[in-house]
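# The following block contains a protein sequence and its predicted model.
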Amino acid sequence: MSTRVYVPADAAARALGADSVAEAIANLDLDIDIVRTGSRGLYWLETLVEMDSDQGRLGFGPVPAAAVPFLFEAGLPDADHELCLGLVSDIPELAVQERHTTARCGVIDPLSLDEYRRYGGFQGLEKARQLRPQDIVEQIQQSGLRGRGGGAFPTGIKWQTVLNAEADRKYVVCNADEGDSGTFIDRLIMESDPMMLIEGMCIAALAVGADTGYIYIRSGYPQAIATMRRALELATTAGYLEDLQLEVREAAGVYICGEETALLESLEGKRGMVRYRPPLPALEGLFGQPTLVNNVLSLAAVPAILADGADQYAAMGQERSRGTLTVQLAGNVKRGGLYEVPFGTSLRELVDSLGGGTLSGRPVRAVQAGGPLGAYIPPALFDTPLDYEAFKAIDAMLGHGGLVVFDDQIDLGEMARFAMSFCAEESCGKCTPCRIGSVRGVEVIDRIRAGEQAEDNRILLKDLCDTMIDGSLCALGGMAPYPVLSIMKHFPEEL
Amino acid sequence: MNEQQYQAVIDTHPDMEGPLLPLLHRFQHEFGHIPPDAVPIIARALNLSRAEVHGVISFYRDFTDTPADKPIVKLCQAEACQATGARLLKEHASQQDEVAIESVYCLGLCACGPAMAFDGELYARVTPALFDELTRK
């Protein structure tokens, strides 16, 4: 049997040259079976080439295409090769992780049903099929899973609401409109382990009684769209989708459509304008029917909860934040990538120890957590544990676990202005505090930075932020002030 | 002539719930933009008003009513890429006349910025030199 060599093929690995590496290996004319995986998310090591050995998978990296002849100079490379990283499972930044949701990412061929099953796939669905809908929902409630898209709303309660709603027709919708800067886990999952998302949606549909589902993926992720569509075809052919009609829908390049009610409008074929609540989407969602809207990662966590039991999931984490968080370490950081860790790990451990500080080698100035609507956190607060409530206590948001690192070259006053101008650019325009407040926010920040009545304008800016927080219809206008306020509070010399 | 082409796209579009966005994507793909004279035909086919269709086209960035006159380079200008020099890259890129620079907010390559999309491919850790090399081909 020929030796299996694994080369990642997620969009990031390919953007870093993985395709030319695979091609160079194929051109060597060796007895090698090249398997294109997704990615483990260890992006500083991409292209991370892996090879089967008696002890497990050996890793080599980062391998540029030009180094391929050198890597295979003596035939198959071994552990003594200069580029060898040892066993992949022993790479320190991976060894400390608790990979549950992302256990298969970068390990399997994303479009192989056999491999998915061999690594535990579809066990959750099999269990769910033997349970009553109410029992499935209770499993999710007991697991303590909270919405991983950023809102952190208890997933089980949402499921219960949809289950209780009486209707002829119900929908499950996966929100894969991952538009926040600093996040890539939805993309990574869809490109590396798409069957897990399909399985999660099948279980969700069984639990709430839905027969139709949509996966709404942002158009900026063409590879994720293609992989999910192909995975759906394969799962359908294999008979896994007999009770659920599932379809991938491509979004159309608008940030606000990641807000769940705007997403539903968009799926209906309308402008992505945010809806008033109530009614909750769980009761009157897509086409007016009860609709379960969950983020990719929330749904991806479901199969393991069913397969291994809610207790095992709930045993990880701390306080009211249970299970693991898939931290996405991004921006100016030495070892940026995916870190799936239990809740409770400190920010310092992630940024300084695992991430290795900044890529530029300069001191860390701030970390923005939770996307463009999240607070900038100064190093003095880096002992804060990853925990929804602990972050709230420092006026920050853990959200989806996206962490963007900045070094001391960053102009934070400019970043505060950017937060407001981003909100102005992306506002759907339905409510006044967001539509007009964000434009005024940019103007006031410009005046402060120009030194025009700076003190008076600071008071005005805080007042404006309060109005936006309290008066906006959705999280865009309601949270865009948080990065601004955090910069005013923690970095007063900048704004 | 055009009308027949538009009708052919509509006729081969599968039946589905909420068909407008998928149909507009097909038009954008087929014609490089959504031709204004296709709007009434789309509206009639889906039993919508022209205003509704126009409203949707103008809301979404992916839909344009004129074809692009230059190849488009999408440069990510979101926070994570800003942290690794996306603003300087854009300043550099703007000096190039051969391509149109479009700022986008996140391409999902946040751990290896600055990121850019060009000619159907994604590129990570883009330096000004790499930008020149890619766009001058």
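Sure, I can see it. For clarity, every value in this text was computed on a predicted model and none was experimentally measured.

# Got phi/psi on residue A:175?
For residue A:175, the backbone dihedrals (degrees, to the nearest 10) come out as phi -90, psi 100.

# Mind checking if the host helix or strand of residue A:434 is in reach of chain B?
Counting by DSSP states H and E, the element that carries residue A:434 is helix A:432-435. No: Helix A:432-435 stays clear of chain B (Cβ under 8 Å from any Cβ of the partner chain), getting no nearer than 13.9 Å. Yep, even glycine has a C-beta here, placed from its N, CA and C like the rest.

# Could I get the average pLDDT for the helix or strand just after that helix?
Secondary structure here is assigned by DSSP H and E; on that basis, the next helix or strand after helix A:432-435 toward the C-terminus is helix A:437-449. Mean pLDDT, taken over the full extent of helix A:437-449, equals 98.

# which of the residues in helix A:437-449 are buried?
Neighbour-count burial for helix A:437-449, with 16 or more other Cβ atoms under 10 Å in any protein chain shown as criterion, is recorded at A:437, A:438, A:439, A:440, A:441, A:442, A:444, A:445, A:447, A:448, A:449.

# Include distance to chain B when you put those into CSV, please.
Below are these laid out as CSV (distance: Cβ to the nearest Cβ, whole Å):
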residue, distance to chain B
A:437, 20
A:438, 15
A:439, 18
A:440, 21
A:441, 17
A:442, 15
A:444, 21
A:445, 16
A:447, 22
A:448, 20
A:449, 16
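
# re earlier: which residues sit against the helix holding residue A:434?
Outside helix A:432-435, the residues that touch it by Cβ atoms under 8 Å, 6 or more residues apart in numbering or on different chains are A:423-424, A:427-429, A:467-468, A:470-474, A:476-478, A:480.

# hmm, try it at 6 Å
The contact list for helix A:432-435, computed with Cβ atoms under 6 Å, 6 or more residues apart in numbering or on different chains, reads A:427, A:429, A:467, A:468, A:471, A:472, A:476, A:477.

# and stretch B:125-137, how far out from the chain's middle?
With Cα atoms, centre = their mean, to the nearest Å as the basis, stretch B:125-137 stands 21 Å off its chain's centre.

# pLDDT (mean, whole number) over it?
Stretch B:125-137 carries an average pLDDT of 93.

# Could you report the pLDDT at the residue nearest in space to the middle of chain A?
By Cα atoms, centre = their mean, the mean C-alpha position of chain A lies nearest to residue A:185, the distance being 3.2 Å. Among the per-residue scores, residue A:185 shows a pLDDT of 97.

# Give the closest residue to it in space, chain neighbours not counted.
Using Cβ to Cβ, 6 or more residues apart in numbering or on different chains and skipping the chain neighbours, the partner closest in space to residue A:185 is residue A:326 (4.8 Å).

# residues near that neighbour, how many?
By the other Cβ atoms under 10 Å in any protein chain shown criterion, the neighbourhood of residue A:326 contains 28 residues.

# quick one: it and residue A:187 touch, right?
No: because the distance of 11.8 Å does not satisfy Cβ atoms under 6 Å, residue A:326 is recorded as not touching residue A:187.

# Quick one: the helices in the stretch 251-400 of chain A, in order.
A:260-267, A:296-308, A:310-314, A:347-348, A:388-393 (DSSP state H, counting those that start in this stretch).

# Specify the stretch among those that is closest to chain B.
Proximity of the helices of the stretch 251-400 of chain A to chain B was assessed by Cβ to the nearest Cβ; the nearest stretch is helix A:260-267, lying at 5.3 Å.
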